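[1] how would this look folded up:
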Amino acid sequence: MKITFCGAAGEVTGSCTLIDTGTTRVLVDCGMFQGEHAYTRNFTPFPFDPGSVSAVIVTHAHTDHIGRLPKLVKEGFTGRIFATHPTRLLTKLMLQDAAHVMKDEARRYDRPALYRPNELGATNDLIHGVDYDTEVRVSDDFTFRLREAGHIFGSAFVEIEAAGKRLVFSGDLGNDQVPILRGTASLPDAGADAVIMEATYGDRLHDAPEQRSRRLADAVRDTVARRGTLLIPAFSLERTQEILYELNGLVENKLVPPVPFYLDSPLAIKVLPIYKEFSKYYNSEAASLKNAGDDFFVFPGLHITKSPDESRAIEEVPSPKVIIAGSGMMHGGRIMHHLSSYLNDPNTTVLVIGFQSAGTVGRKISEGAEHVTIDHVPVEVHAKVDIISAYSAHADQAKLLRWVTSGKTEPKRIFINHSEPKAAAALSEKLRTEKLLDVTVAEPEKPYDI
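    Next up, the predicted model:
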């Protein structure tokens, strides 16, 4: 059996791994590249025949894990796409949003779109929802189960039995004690011939989970005291819902002053009903609030801005105010016009709460850039930039080390993907020296024998 990393090797976007048993070919994820040169890379042909693939197993609905599914279908894939039930619905929303963004960019930059909204039907028809912890048979020599990853709502890691081998694909693993979500499941006690694991934060530790709410409250109070604007660039899926959950508690318990809050993300607004539909996947704290009748996505002072006109009208509202808008990496979406309006104001705070890929505006701002370019216009950065790593949806180094040895039997071999080189090197060194494990940092498009 061979595995080939067709994305997210030496980087954190474009997740797509091919498993070939000799008789069955299955992909784990089929994500879009983001950051520098992403447009060109997403049009690059797959290094395999899409028509030869029997199935795709989707770990979660972030675009860097699902964004090339329609391209795969357009180029000949006709098999089944498997995901948890929330991920099935979230994937349809995320693909629709991505297609609309690409349609707008195609018009703005006079270039082809990778796919358009009216081309998604064939992909959506192939997506099948499955329950956690349930065996799914793809072929006579390939079965799998989805286990709770704790990364975003509906996320999973994958346990595979294929051609006499046992594999585990981490997908993206979640941080500790994340609002709303259940914790990450342990590895199977039977061990694995290979674990393919992410290392997004393989070289660092997050702030303690209990600091999340305190530092968010500090940011709101500081914004009110300075009569400024708090910008929270947030991923429409998961981070936005976590921030709303935290703000609900802060506002209802009067831990922050009254201030207008704006949820300025059409996609995040569309995601909320899916959270409510699958409340059985909440952690115990969120479930208790829900059972007590607390809708933790609604609180005093929160304004939902659906239309572009409503979004633009936020600028007319005097500060202090708090604006939550996508995208989380500040590479598109409504946050961009807010950044254009407020980055040059020293009373503005930009609260960075997620990983920022190389080449994105978010990465430049978080690394202290004095100016950035937004829609071809230079913008000076005078705003305060605050980073709360405890809101990361990814496991840090300590969590990754715990998870990979959480079964009774240690894995025989580990492959590291979904990581920039520095983080991959740091985690692989820890795994070799502290856990005495056989570790390989994945190289792009190189077949590995298992």
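[2] The chain: helices as residue ranges?
    38-43, 63-66, 69-74, 85-109, 121-125, 211-225, 239-252, 266-277, 284-291, 308-313, 335-342, 361-366, 397-404, 421-433 (DSSP state H).
[3] Compare those helices and give me the one nearest Gly328.
    helix 239-252 (5.9 Å; C-beta to C-beta). Every residue, glycine included, has its C-beta placed from N, CA and C.
[4] ok so, going back, turn the helices of the chain into CSV, columns for distance to Ile232, mean neighbour count and mean pLDDT.
    Putting the helices of the chain into CSV (distance: least, C-beta to C-beta, whole Å; neighbours: other C-beta atoms under 10 Å; pLDDT from 0 to 100) gives the following:
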stretch, distance to Ile232, mean neighbour count, mean pLDDT
helix 38-43, 24, 16, 95
helix 63-66, 19, 27, 96
helix 69-74, 29, 22, 98
helix 85-109, 19, 19, 94
helix 121-125, 31, 14, 98
helix 211-225, 8, 19, 94
helix 239-252, 6, 21, 94
helix 266-277, 11, 18, 94
helix 284-291, 20, 14, 95
helix 308-313, 15, 13, 95
helix 335-342, 9, 21, 96
helix 361-366, 12, 21, 93
helix 397-404, 24, 19, 97
helix 421-433, 25, 17, 97
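[5] do you know which of the ones you listed lies nearest Arg25?
    Minimum separation from Arg25 across those (C-beta to C-beta) falls at helix 69-74, 12.1 Å.
[6] on that earlier part again, could you export the helices of the chain as a markdown table, including distance to Asp20?
    Below are those laid out as a markdown table (distance: least, C-beta to C-beta, whole Å):
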| stretch | distance to Asp20 |
| --- | --- |
| helix 38-43 | 23 |
| helix 63-66 | 20 |
| helix 69-74 | 16 |
| helix 85-109 | 24 |
| helix 121-125 | 22 |
| helix 211-225 | 42 |
| helix 239-252 | 35 |
| helix 266-277 | 34 |
| helix 284-291 | 40 |
| helix 308-313 | 46 |
| helix 335-342 | 40 |
| helix 361-366 | 35 |
| helix 397-404 | 24 |
| helix 421-433 | 24 |
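[7] Of all those helices, which one comes closest to Val12?
    Closest approach to Val12 among the helices of the chain is made by helix 63-66 (7.2 Å; C-beta to C-beta).
[8] Check what contacts the closest one and list those residues.
    Here helix 63-66 makes contact (C-beta atoms under 8 Å, 6 or more residues apart in numbering) with 8, 12-15, 29-34, 58-59, 91, 94-95, 98, 171-172.
[9] Let's see that with 6 Å instead.
    The contact list for helix 63-66 (C-beta atoms under 6 Å, 6 or more residues apart in numbering) reads Thr13, Ser15, Asp29, Gly31, Met32, Gln34, Val58, Thr59, Thr91, Met94, Ala98.
[10] tell me the contacts of the fourth one?
    Taking C-beta under 6 Å, 6+ apart, we find Gly31 in contact with Gly14, Ser15, Cys16, Asp64, His65, Gly67.
[11] gap between the residue nearest to Asn124 when sequence neighbours are not counted and Leu126?
    Computed as C-beta to C-beta, 6 or more residues apart in numbering, the closest residue to Asn124 that is not its neighbour in sequence is Lys92, at 5.3 Å. Per C-beta to C-beta, to the nearest Å, Lys92 is found 11 Å from Leu126.
[12] ditto for Arg432
    Arg432 sits at a distance of 40 Å from Leu126 (criterion: C-beta to C-beta).
[13] Then Asn175?
    31 Å.
[14] which of those two has more neighbours?
    Ranked by neighbour count (other C-beta atoms under 10 Å), Asn175 and Leu126 place Asn175 first, with 23 against 17.
[15] quick one: contacts for the more buried one?
    Neighbouring residues of Asn175 by C-beta under 6 Å, 6+ apart: Ser392.
[16] what mean pLDDT does stretch 134-148 have?
    When pLDDT is averaged over stretch 134-148, the result is 98.
[17] what's the span of it, first residue to last?
    12 Å (C-alpha to C-alpha, to the nearest Å).
[18] repeat for stretch 254-265
    End-to-end distance for stretch 254-265: 25 Å, by C-alpha to C-alpha.
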